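>>> predicted model and sequence below, questions to follow.
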Amino acid sequence: MTALAEPIGRGGAERASLARRASGWLVLALVLVSLASLFVGATGLSPFAFLKAMLAGDAVDLRTKVVILDIRLPRLALGLLVGASLAVSGVVMQGLFRNPLADPGLVGVSAGAGLGAIVAIVLGGLLPPALAAAMGYALVPIAAFAGSWLSVIVLYALATRGGQTSVATMLLAGIALAALVGAVSGTLIYMADDAQLRTLTFWSMGSLGGATWGKVAAAAPLMLAGLIAAPFLARGLNALALGEPAARHMGVDVQVLKRVAVVTVAAAVGSAVAVSGGIGFLGIVVPHLLRLSIGPDHRYLLINSALLGAIILTLADMVARVVVAPAELPIGIVMAVIGGPFFLWILMRRRGLMMGL
Amino acid sequence: MLTAETLTVRLGAHEILQAVDFTAHAGEVTAIVGPNGSGKTTLLRALTGDVAFTGAARIGALDVARAKPWELASRRGVLAQFTGVAFPFTVAEIVRLGQASGTAGAATDLTEQALARVGLAGFAPRRYHDLSGGEQQRVQLARVLAQVWEPLDESGPRWLVLDEPVASLDIAHQIEVMELARAFARAGGGVVAVMHDLNLTAMFADAVALMARGRVVTQGPVTAVFRDSTLSDAYGCKLRVNVAPPSSTFILPHAALT
Ligand SMILES: Nc1ncnc2c1ncn2[C@@H]1O[C@H](COP(=O)(O)OP(=O)(O)OP(=O)(O)O)[C@@H](O)[C@H]1O
Ligand SMILES: [Mg+2]
C-alpha cells in the first residue's frame, strides 16, 4: 500500500517501473484468487485432494469433477473476462471523455443493454413459441447485447457531423437517451407481472451464476477482442489527455481513435453486461485506484486495470457465493457493500489529489 | 517554406479569414501580430490543419489539407494559446508524449534537455498541475520542442508553430524563449509565432505579418512593417516607432510621450 500513499514526486521512469512491478504482483494475485475461487463455494472442496487425484490420474469422483470443471471453471472464466472488460472499458471511456468520472454507461451501452434485457423479459412471451424455445436462456443476453449496440450506434450517429464526432454532444445525447430508455423501461416494468419483475430485479443486480461453457464461448470472443484492442489505444489516449487539437498536432488521428474506442467499449461492455447483468462500479473505481498509485499513463493503466478488474470481480463473486451459502447474493450488492465504503475511504484519504484530475 | 495562398476560413456565418496570403521562410523567425480578434490564431489553426479552409496551405512538401496527422507531426510542432491537461501526469510524462510523437524516437531521453532549454531543469518529476501558469506553458513548449527536436534533417526544415509563446512569461523567460526560437531558426528550422509584444517582436523577429480584420495588411522585414501609420491604423490607437541608438527598435504608446 505504500504505492497508494506516495504517488507524487515520482518521475516518469520511476512510475513506469512501479507500474511494471504492480503488473507482476497483480498477475500473482490473479492466479491465487483464481485458484481460491475454484475451491471455495457451497460445496467445500480440498484443492490438494483434487490436484493430487488429477495428477495421479486417479478417477476423481464425478461430483467433484462436475463442480470444478463444469460449474466453477466457466464461472471463473466469465468473471475474469467481465471484470477485465468493465475495468478496461472504464479507462477507455475516461480517456476519451478526458474525465475520471466517465464510465461505459455514458455512451449508452448500459442503458441500451438494460432496455434490451427488459424487453426480452417482459415481451419475450410474445415471440413465436418455436423461436423462444430455440433461444431459451440466451434470449435475455442476446437482447441486452443488441440493445447496447443499438444505443451506441444511435449516439455515435447523433454526435457525428461532417466526419467529426463531438465527444461533448455524445455525452449530452447519452443523458437524453438514457432518460428516454428509462421511460420505456419504466413503462415495461409497469406492465410486468410478479415473476417477470423478480427476474428483472435479479438481472439488474448482476450475477455470474448460471455460467456455462456455452455462455463463455458466446461472450468471450467480443470481450477478448475489446481487451486485445484496448492497449493499442494507449498512445492515442495519452495524447488526448492534452485535448483534441494537441493530440492531432502530435500525429494522432483523433477521429479514428474515437471510433475504435467506442467500438471497443461497445463490444466489451455489451457482451459483459449481456452475460452478467448490471455490475456497476468497477469501471470507475479500478482505474481511479490505479491512477493514484501508478499514474495516468495508459500504456500501464489499461493492462493493470484489466488485471485488477478481474481480481476484484472474482473476489466479489467468491464472497457472493459463500456469505449466504447455499444461496447466493447478487454480485452487484457485494460490489456496492464492499466497494462503496472502500472507495470513500480512499477518497477521504486522498482528497487533495482530486484537484486537477 | 511555409505558405498560405488565398486562405479563406468561414466559421458559421462569418468569414474569419479573407483570402490571406502568408509566407514564412526556414532560417527565420516570422512573427504574426495584430489586434485581438484579427484572426492570428485562426490563421495558425488553418496552417496546422485544425480548421477547414479554402485556398492552399503548405508546410514544405506537405499539403496541409491532405497530409495525415502523423506526417504533419513529423514536420512541425504546435504550441497552442492554452493547453489543458486531464489526469495527473508528471512534467516528464508530458514532455515524453511530445518526443514519442516526433521522429526522434525513444533512443535517447530528451526530457531533461528539452526542459533545460525552457529553464525548467529539475522539474521532470513534478506533477504538472502543481506548476504555475507560466511554468505549465513552458512545459508545453518543451513538449513541442521534444517533438521536432532537430531543426533540419534530410527531408528539410522542421517548424515550430507557436501561438503567443511568451504571453504568460516573465521578462527573463520571454527573452529565453525568444532566444530559443531564434536558435532553432538559425539552425535551419522555421518558426512562426503569434506575438502581442511589439518590442519583443522587433528584437527577435526576422519578418512580420501584420493582421487586421481577417486580413494580412502587410508582411515583410520588421523595419518595413513597423511604421507609425501602419501600426496605428491596424491597432486603432496612436503609436510611434522609435529607433534607439545604436539600432534597436522600440515602441511606446503615443500617450506616454505627450
Ligand atoms: N469558432 C468560431 N466561431 C465564430 N467565430 C469565431 C470562432 N473562432 C474565432 N472566431 C472569431 O474569429 C475572429 C478571430 O479570432 P482569432 O482567435 O483568430 O483572433 P486572434 O487574432 O488570435 O485574437 P487574440 O489576440 O485575442 O488571440 C474573432 O473575432 C473571433 O471571435
Ligand atoms: Mg489568438
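Yep, that arrived. Ligands and ions are numbered 1, 2, ... in the order given.
>>> what's the neighbour count on the closest residue to ligand 1 within the stretch 101-250 of chain A?
In the stretch 101-250 of chain A, the residue found nearest to ligand 1 is A:P245; the distance is 12.5 Å by Cβ to the nearest ligand atom. Using the backbone N, CA and C atoms, a C-beta is placed for each residue, glycine as well. As a burial measure, A:P245 scores 16 neighbours (other Cβ atoms under 10 Å in any protein chain shown).
>>> do the same with B:T83
By other Cβ under 10 Å, neighbour count at B:T83 equals 19.
>>> get me the contact residues on chain B for ligand 1.
Contact residues, chain B versus ligand 1 (Cβ under 6 Å from any ligand atom): B:L11, B:G12, B:H14, B:I16, B:G34, B:N36, B:G37, B:S38, B:G39, B:K40, B:T41, B:T42.
>>> which PyMOL command selects the buried ones in the residues you listed?
Here is the PyMOL selection string for the buried members of these, based on 16 or more other Cβ atoms under 10 Å in any protein chain shown:
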select buried, chain B and resi 16+34+38+39+40+41+42
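>>> of the residues of chain B next to ligand 1, which pair is most distant in space?
Taking Cβ to Cβ as the measure, the residues of chain B next to ligand 1 span a maximum distance of 21.1 Å, between B:G12 and B:G34.
>>> how close does B:Q137 sit to ligand 1?
According to Cβ to the nearest ligand atom, to the nearest Å, B:Q137 and ligand 1 sit 14 Å apart.
>>> apart from its chain neighbours, what residue comes closest to the residue of the stretch 101-250 of chain A closest to ligand 1?
B:D50 (5.5 Å; Cβ to Cβ, 6 or more residues apart in numbering or on different chains).
>>> same deal with B:L17?
Looking at B:L17 with Cβ to Cβ, 6+ apart, the closest residue is B:V9, at 4.1 Å.
>>> I'd guessed the one you found sits against B:T41; true?
No - applying Cβ atoms under 8 Å, one finds B:V9 not in contact with B:T41, separated by 10.8 Å.
>>> sorry, back to before: keep only those of the residues of chain B next to ligand 1 that are in helices.
B:K40, B:T41, B:T42 (DSSP state H).
>>> which SSE is B:L180 in?
In the assignment (DSSP states H and E), B:L180 maps to helix B:171-186.
>>> before we move on, back to that, for the residues of chain B next to ligand 1, give me JSON lines that also has distance to chain A and pLDDT.
What follows is these, written out as JSON lines (distance: Cβ to the nearest Cβ, whole Å; pLDDT from 0 to 100):
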{"residue": "B:L11", "distance to chain A": "13", "pLDDT": "88"}
{"residue": "B:G12", "distance to chain A": "13", "pLDDT": "84"}
{"residue": "B:H14", "distance to chain A": "18", "pLDDT": "88"}
{"residue": "B:I16", "distance to chain A": "16", "pLDDT": "93"}
{"residue": "B:G34", "distance to chain A": "21", "pLDDT": "96"}
{"residue": "B:N36", "distance to chain A": "20", "pLDDT": "95"}
{"residue": "B:G37", "distance to chain A": "19", "pLDDT": "94"}
{"residue": "B:S38", "distance to chain A": "20", "pLDDT": "95"}
{"residue": "B:G39", "distance to chain A": "17", "pLDDT": "95"}
{"residue": "B:K40", "distance to chain A": "16", "pLDDT": "96"}
{"residue": "B:T41", "distance to chain A": "11", "pLDDT": "96"}
{"residue": "B:T42", "distance to chain A": "13", "pLDDT": "96"}
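>>> closest to A:L180 out of the residues of chain B next to ligand 1?
Looking across these and measuring by Cβ to Cβ, the closest to A:L180 is B:G12, at 29.7 Å.
>>> show me where the chain dips below the pLDDT cut-off.
I'll assume chain A. A:1-13, A:41-49, A:53, A:56-60, A:105-107, A:135-137, A:350-357 (pLDDT under 70).
>>> oops, I was thinking of chain B
For chain B (pLDDT under 70), the answer is B:104-108, B:245-248, B:252-258.
>>> go with 90
Confidence mapping of chain B against pLDDT under 90 gives the ranges B:11-14, B:61, B:82, B:100-110, B:150, B:153-155, B:168, B:240-258.
>>> what about the strands in it?
Using DSSP state E, the strands of chain B run over B:2-11, B:14-24, B:29-33, B:54-59, B:62-63, B:76-79, B:152-153, B:156-157, B:159-163, B:190-194, B:207-212, B:215-221, B:239-243, B:249-253.
>>> run the chain-centre distance for the longest one.
What it means is strand B:14-24. 17 Å (Cα atoms, centre = their mean, to the nearest Å).
>>> got the angle between it and strand B:2-11?
Using axes from the mean of the first three to the mean of the last three Cα atoms, to 10 degrees, one finds that strand B:14-24 and strand B:2-11 are set 180 degrees apart in direction.
>>> who does strand B:14-24 pair up with?
Strand B:14-24 sits in its sheet next to strand B:2-11 (antiparallel), going by DSSP bridges.
>>> just the C-alpha atoms of the partner strand, please, in PDB.
Below are the C-alpha coordinates for strand B:2-11, written out as PDB (Å, rounded to 0.1, in the frame of the first residue of the first chain):
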ATOM      1  CA  LEU B   2       5.500  27.500 -45.100                       C
ATOM      2  CA  THR B   3       2.900  29.200 -47.200                       C
ATOM      3  CA  ALA B   4      -0.800  30.100 -47.300                       C
ATOM      4  CA  GLU B   5      -2.400  31.200 -50.500                       C
ATOM      5  CA  THR B   6      -5.800  32.900 -50.700                       C
ATOM      6  CA  LEU B   7      -6.600  31.200 -47.500                       C
ATOM      7  CA  THR B   8     -10.200  31.700 -46.500                       C
ATOM      8  CA  VAL B   9     -11.800  30.400 -43.300                       C
ATOM      9  CA  ARG B  10     -15.600  30.500 -42.700                       C
ATOM     10  CA  LEU B  11     -16.900  29.700 -39.300                       C
END
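>>> returning to that earlier point: go ahead and confirm the residue nearest to A:P245 touches A:R248.
Yes - applying Cβ under 8 Å as the test, B:D50 and A:R248 come out as touching, 6.9 Å apart.
>>> count the neighbours of the residue nearest to B:L17 for me.
21.
>>> who's in contact with it?
Counting by Cβ atoms under 8 Å, 6 or more residues apart in numbering or on different chains, B:V9 touches B:E15, B:I16, B:L17, B:G39, B:T42, B:R45, B:A46, B:V51, B:A52, B:F53.
>>> now with 6 Å, please.
B:I16, B:L17, B:T42, B:A46, B:V51, B:F53 (Cβ atoms under 6 Å, 6 or more residues apart in numbering or on different chains).
>>> looking at the residues you listed, which is nearest B:T30?
Nearest member of those to B:T30, counting by Cβ to Cβ, is B:A46, at 15.2 Å.
>>> and the gap between the residue nearest to the closest one when sequence neighbours are not counted and B:L47?
Excluding the flanking residues, the one nearest B:A46 by Cβ to Cβ, 6+ apart is B:F53, at 4.5 Å. Distance check for B:F53 against B:L47: by Cβ to Cβ, to the nearest Å, it reads 9 Å.
>>> cool, A:K258 as well?
24 Å.
>>> of the two, give the one with the bigger neighbour count.
B:L47 (27 against 22).
>>> give me the nearest residue to B:F184, chain neighbours excluded.
B:P151 (5.1 Å).
>>> for the one you found, what are its contacts?
B:R158, B:F184, B:A187, B:G188, B:G189.
>>> distance of it from A:G174?
45 Å.
>>> SS state for the residue nearest in space to the middle of chain A?
The centre of chain A sits closest to A:L86, judged by Cα atoms, centre = their mean, with a distance of 1.8 Å. Under DSSP: H, G, I helix; E, B strand; the rest coil, A:L86 falls in the helix class.
>>> show me which residues of the stretch 101-250 of chain A sit near ligand 1.
Counting by Cβ under 6 Å from any ligand atom, the stretch 101-250 of chain A has no residue next to ligand 1.
>>> burial measure for the residue lying closest to B:L2 once chain neighbours are set aside, as a count.
Leaving out its chain neighbours, the residue that sits closest to B:L2 by Cβ to Cβ, 6+ apart is B:A24, at 4.4 Å. B:A24 is flanked by 26 other residues according to other Cβ under 10 Å.
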